[in-house]
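Colleague: I would like the atomic coordinates for the input below:
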Amino acid sequence: MDLLWATIVAALLLSGALFSLIAAIGIVRLPDLYSRMHAASKAGTVGSGLLLLAVGIHSQDISVLARALAGFVFFVLTAPIAAHLLARAAHKAGHRLTPPSVRDELLAREQITKSAYRKKG
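Modeller: Numbers count the residues shown, from 1 in each chain. The predicted structure is shown next:
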């Protein structure tokens, strides 16, 4: 039975480390701020969550496992929301997409809103 738990923990550790590595590579290699934040929030959250789960299982203590699961839930609930808010603030501050990006729907929506406001006023 110990071999089974060790195998599960090893698989969780390796997959969590792989997701964290993918997030790190994405931060370095992706072209613009928004793509980097996407890589950091999605892959980083999954990697951190898998690592926390591995620690909780490896401890073989229910209270540590419960805290690890609570940390995982907290990560899943807060990291994507924080990344979204940071991206929105960066967009309002003037950071634009790089040319390989296809379209900026938020910019188009803001321009439509401004033109409609000018017609009323």
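
Colleague: What is the burial count for the residue lying closest to G56 once chain neighbours are set aside?
Modeller: Leaving aside its chain neighbours, G56 sits nearest to A68 (3.0 Å; criterion: CB to CB, 6 or more residues apart in numbering). All C-beta spots, glycine's among them, are computed from the backbone N, C-alpha and C. The tally of other residues near A68 (other CB atoms under 10 Å) stands at 21.

Colleague: what about the strand or helix carrying A68, distance to the chain center?
Modeller: In this structure, A68 sits in helix 62-93 according to DSSP states H and E. Computed by CA atoms, centre = their mean, to the nearest Å, the chain-centroid distance of helix 62-93 equals 8 Å.

Colleague: Stretch 9-21 too?
Modeller: On CA atoms, centre = their mean, the centre of stretch 9-21 falls 16 Å from that of its chain.

Colleague: what does stretch 57-66 give?
Modeller: Taking mean C-alpha positions (CA atoms, centre = their mean), stretch 57-66 and its chain are 25 Å apart.

Colleague: mind starting the numbering at 12 from now?
Modeller: I'll keep to 12 as the first residue from here, and by that count the last item is stretch 68-77.

Colleague: buried residues in it?
Modeller: I68, H69, L76 (16 or more other CB atoms under 10 Å).

Colleague: Name the nearest of those relative to L88.
Modeller: L76 (18.7 Å; CB to CB).

Colleague: No further queries at this time; thank you.
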